[in-house]
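Asker: I would like to see how this sequence folds:
(chains A and B)
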Amino acid sequence: MTGTPVAATSRPDGTASADPLLVVESLTTTFGIDGSEFRAVDGVSFELQRGATLGIVGESGSGKSVLTRSILGLLRRQRAQVTGSARFEGRDLISAPEKELRGIRGAGIGIIFQDPMTALNPVMKVGKQVAEVLTVHKGMNRAEANRRAVELLDEVHIPSARTRAGQYPHELSGGMRQRVAIAAAIACRPRLLIADEATTALDVTIQAEILDLLDELRRDLHMSMLLISHDLGVVMGRCDHVAVMYAGRIVELGRTTDVLVHPMMPYTRGLLDAIPKVDDPAHTRLAVIPGQISPAHVRAPGCSFESRCALADDQCRAAAPELQPAGAERSYACWHPAGADGGTVPVDERIESTLGQAR
Amino acid sequence: MRGAVARHGIVRTLSFVWIALVILAAIFASLLPIPKPDALDPFRRLLLPGSAGHLLGTDDLGRDILSRLIYGARVSLIVGAASFVCGLIAGGAIGIVAGYAKGKVERVLMWAMDVILSFPALVLLIGLVAYVGRSLFDISAVLGFLAIPIYARIARAQTLSFTERDFVLAARASGSRPRDILLYELLPNVWPPMVAYGLVAVGLTIVVEGSLSFLGLSVSAPTPSWGGMIAGGENYLRNDPGLVLIPSAVMCLTVLAFNIAGEALGAKTSKVGRA
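Answerer: Predicted coordinates:
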């Protein structure tokens, strides 16, 4: 998939900016496994405006995490080949030397990982782990950094931050640990915060708290955010735009409300149908998308979703659909988009209500 | 159940107490009310344990066995400590770098370690000692050198299990340099299990030094060592088995104590690592 039209996202207020914070173009990440090649990310392009939030949704193995790690150059130690470009504030991260990247990681771009159990060093006090980022980037001395670390822990609403700073990760709950990881990620006031499945390992109630915290920090610190999740519910209502990934490609992209209310790609539709309804009668079977992402289909010439798609025909098997624009800030990759033949997909009340709550 | 746990605790405590006792006795040997280890008493040869003035008896030259045991502990402990320190520092550094760097650096370093490991230890020891010398320093240096590859392997294995953890990735994602990652992220996680193993290795080194002494290849004659005492008592095994059994028992207890201490520490560190 080359020459993909750049799916542009605009500012939350609707005005497109000429100076996006992050521009990813035709990003492709290939792993060599036992002589054969596997494209984990396949020609992904998107733009992220300053102050905006983009949600990236997709199931396990769709390439979400590889995408963020490629952008940050974290795959350089693995034998991964990354092509394309990812320009952050005008600087291409893919071709940047490691030394330059180190100055951007943590300082310009902060990232939070999935599992707070493993994202903190078990033998280091949490305050020191936050302070470490400050000594690396701001050149603060230890005392100064420690003082600032306590302020940061306070900023992410950790009660009695001073005491907590002197504790080890195993003395903190999962939610607390994720707050510590967030404090470390925002320590240097990055312009972009990447939350890579940041709430997946947490209880649902804690999830909401953490997402609220991220929202609050993003607004207060004027950050842009990439919110990556397999859970459409997490992304709904918290992102201005959403990109749906499947088998390493973006298959649908647009304003969150547009995508959720009028999904064009059958995969997006399937993801929405899989969200259980509160008012469903008891013992209603969950709607599922049969099968899983198969490496064989990723390599086949056709659409990678073909084997799992009810609408698949010969055209789908012959060639992969390109991501094509459909109106303002909207694009999709499908030969049989819903709504294209004039019919409108009925608005699902549960999405409406979810969005209503979120607003 | 409770009894078993308690007994376990006692064995552990006794081990630490024994180690402390041996170390303190070795350090303050000259202050203790015992004869000099090389003081000959030709009229009181081969005394049995419990004799007046010689708590554990005397050997074939009339030298006090307790005194020789205590001074002999110095050799065992110095050699053990040397291998511990060498292994921990050099082996640890090589292992962590190899585990984190991967690729060519790892291959070259671990290849070098494998070469050292692949020689039969005792043959290599005898060769090295013949070449380098037999002073306490030489023996310590050689045993320390031979300890490096094993520590390096453990450090590398530990490092490998940590480099793919999220907190190392998080450190890289926050702009830490490789040097900082090695020092602040990996080292604090890698050294505790190495110390635990190290205590077991100290016991092993004491046995190896004992074997060298027994073969007459370690520190030379007037300096007492446990292995040397066992070798010296060999001819009297039938009539005066204490000459062999007492130093053997002391060595055995010491090695056992180091093993138990190492295991206790290992259990503790693995608990911390999981948290």
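Asker: What parts of the stretch 101-250 of chain B come near chain A?
Answerer: Within the stretch 101-250 of chain B, the residues that sit near chain A (CB under 8 Å from any CB of the partner chain) are B:102, B:165-167, B:169-177, B:180, B:184-185, B:188-189, B:192. In this view, the C-beta of every residue, glycine as well, is placed from N, C-alpha and C.
Asker: what about the chain, any weak spots by pLDDT?
Answerer: Going with chain A. Counting by pLDDT under 70, chain A has low-confidence residues at A:1-18, A:294-299, A:339-359.
Asker: if you could check chain B rather than the one you did, that'd help
Answerer: Checking chain B against pLDDT under 70 turns up B:1-8, B:270-275.
Asker: For the residue of chain A positioned farthest from its centre, give its distance to residue A:36.
Answerer: When each C-alpha in chain A is compared with the mean C-alpha position (CA atoms, centre = their mean), residue A:143 comes out farthest, at 34.9 Å. Distance, residue A:143 to residue A:36, using CB to CB, to the nearest Å: 53 Å.
Asker: now residue B:187: how far from residue B:228?
Answerer: To residue B:228, residue B:187 is 39 Å away according to CB to CB.
Asker: Give me the more crowded residue out of those two.
Answerer: Counted by other CB atoms under 10 Å in any protein chain shown, residue B:187 and residue B:228 do not tie: residue B:228 has more neighbours, with 25 against 16.
Asker: related to what we said a few turns ago, please, which helix or strand holds the residue farthest from the centre of chain A?
Answerer: helix A:142-155 (DSSP states H and E).
Asker: Run through the neighbouring helices and strands of that helix.
Answerer: helix A:126-137, helix A:161-165, helix A:174-186 (3 or more CB pairs under 8 Å, 6 or more residues apart in numbering or on different chains; DSSP states H and E).
Asker: Output the ones you listed in a markdown table, with mean neighbour count appended to each entry.
Answerer: Formatted as a markdown table, these follow (neighbours: other CB atoms under 10 Å in any protein chain shown):
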| stretch | mean neighbour count |
| --- | --- |
| helix A:126-137 | 25 |
| helix A:161-165 | 18 |
| helix A:174-186 | 25 |
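Asker: wait, which of those is closest to chain B?
Answerer: Closest approach to chain B among the helices and strands packed on helix A:142-155 (CB to the nearest CB): helix A:126-137, 4.8 Å.
Asker: can you pull out the helices in the stretch 1-150 of chain A?
Answerer: For the stretch 1-150 of chain A, applying DSSP state H, counting those that start in this stretch gives helices covering A:64-71, A:98-104, A:126-137, A:142-155.
Asker: who wins for proximity to residue A:308 among the ones you listed?
Answerer: With CB to CB as the criterion, residue A:308 lies closest to helix A:64-71 of those, at 18.1 Å.
Asker: quick revisit: of the residues of the stretch 101-250 of chain B next to chain A, keep whichever come out buried.
Answerer: B:165-167, B:169-176, B:180, B:184-185, B:189, B:192 (16 or more other CB atoms under 10 Å in any protein chain shown).
Asker: quick one: the strands in chain A?
Answerer: Along chain A, counting by DSSP state E, strands occupy A:22-33, A:36-48, A:53-57, A:80-88, A:91-92, A:109-112, A:192-196, A:224-229, A:241-246, A:249-255, A:324-325, A:331-332.
Asker: most tightly surrounded among those strands?
Answerer: strand A:109-112 (a mean of 28; mean count of other CB atoms under 10 Å in any protein chain shown).
Asker: how far does stretch A:97-106 sit from the chain's center?
Answerer: In terms of CA atoms, centre = their mean, to the nearest Å, the centre of stretch A:97-106 is found 21 Å from the chain centre.
Asker: Excluding residues flanking it in the chain, which one is nearest residue B:167?
Answerer: In this structure, residue B:167 finds its nearest non-sequential neighbour in residue A:121, 4.6 Å apart by CB to CB, 6 or more residues apart in numbering or on different chains.
Asker: The one you found reaches residue A:132, doesn't it?
Answerer: No - assessed by CB atoms under 8 Å, residue A:121 is found out of contact with residue A:132, at 9.0 Å.
Asker: Name the residues contacting each of these two.
Answerer: B:171, B:184 (CB atoms under 8 Å, 6 or more residues apart in numbering or on different chains).
Asker: middle-most residue in the chain, spatially?
Answerer: Defaulting to chain A. residue A:228 (2.2 Å).
Asker: My question was about chain B, not that one.
Answerer: residue B:202 (1.6 Å).
Asker: Contacts only, for it.
Answerer: B:80-81, B:83-84, B:258, B:262.
Asker: and with 7 Å instead?
Answerer: Listed by CB atoms under 7 Å, 6 or more residues apart in numbering or on different chains, the contact set of residue B:202 reads B:80, B:83-84, B:258.
Asker: and those, which two are the farthest apart?
Answerer: Pairwise over the contacts of residue B:202, using CB to CB, the maximum falls at B:83 and B:258, 11.8 Å.
Asker: circling back: closest one to chain B among the strands of chain A?
Answerer: strand A:109-112 (4.6 Å).
Asker: Quick check: residues of the stretch 151-300 of chain A near chain B?
Answerer: A:170, A:181, A:184 (CB under 7 Å from any CB of the partner chain).
Asker: Spatially nearest residue to residue A:218 (excluding sequence neighbours)?
Answerer: residue A:225 is the one closest to residue A:218 (CB to CB, 6+ apart), at 5.0 Å.
Asker: Wait, that neighbour touches residue A:53, no?
Answerer: Yes - Residue A:225 is within contact range of residue A:53, at 4.4 Å (criterion: CB atoms under 7 Å).
Asker: what packs against the helix or strand hosting residue B:16?
Answerer: Here residue B:16, judged by DSSP H and E, is contained in helix B:2-27. Under the contact definition 3 or more CB pairs under 7 Å, 6 or more residues apart in numbering or on different chains; DSSP states H and E, helix B:2-27 sits against helix B:65-86, helix B:242-274.
Asker: For the last one, buried residues please.
Answerer: Residues B:242-244, B:246-248, B:250-251, B:254-255, B:257-266, B:269, B:273 are the ones in helix B:242-274 that count as buried (16+ other CB under 10 Å).
Asker: Same check on stretch B:182-201?
Answerer: B:182, B:184-187, B:189-194, B:196-201.
Asker: all helices in the stretch 101-250 of chain B, in order from the N-terminus.
Answerer: Going by DSSP H, counting those that start in this stretch, the stretch 101-250 of chain B shows helices at B:103-118, B:121-132, B:136-163, B:166-173, B:178-180, B:187-214, B:226-233, B:242-274.
Asker: Show me the contact partners of the fourth one.
Answerer: Defining contact as CB under 7 Å, 6+ apart, one finds that helix B:166-173 is touched by A:72, A:74, A:105-106, A:111, A:113, A:115, A:118-121, A:181, B:162, B:181, B:185.
Asker: try 8 Å
Answerer: A:72, A:74, A:105-106, A:111, A:113-115, A:118-122, A:132, A:181, A:184, B:162, B:180-181, B:184-186.
Asker: in the helix holding residue A:143, what counts as buried?
Answerer: So helix A:142-155, judged by 16+ other CB under 10 Å, has buried residues A:145-150, A:152-155.
Asker: Run the chain-centre distance for it.
Answerer: On CA atoms, centre = their mean, the centre of helix A:142-155 falls 28 Å from that of its chain.
Asker: angle of it against helix A:174-186?
Answerer: Per axes from the mean of the first three to the mean of the last three CA atoms, to 10 degrees, the angle that helix A:142-155 makes with helix A:174-186 is 130 degrees.
Asker: Leaving out the residues flanking it, which one is nearest to residue B:36?
Answerer: In space, residue B:36 is closest to residue B:67, 6.7 Å off (CB to CB, 6+ apart).
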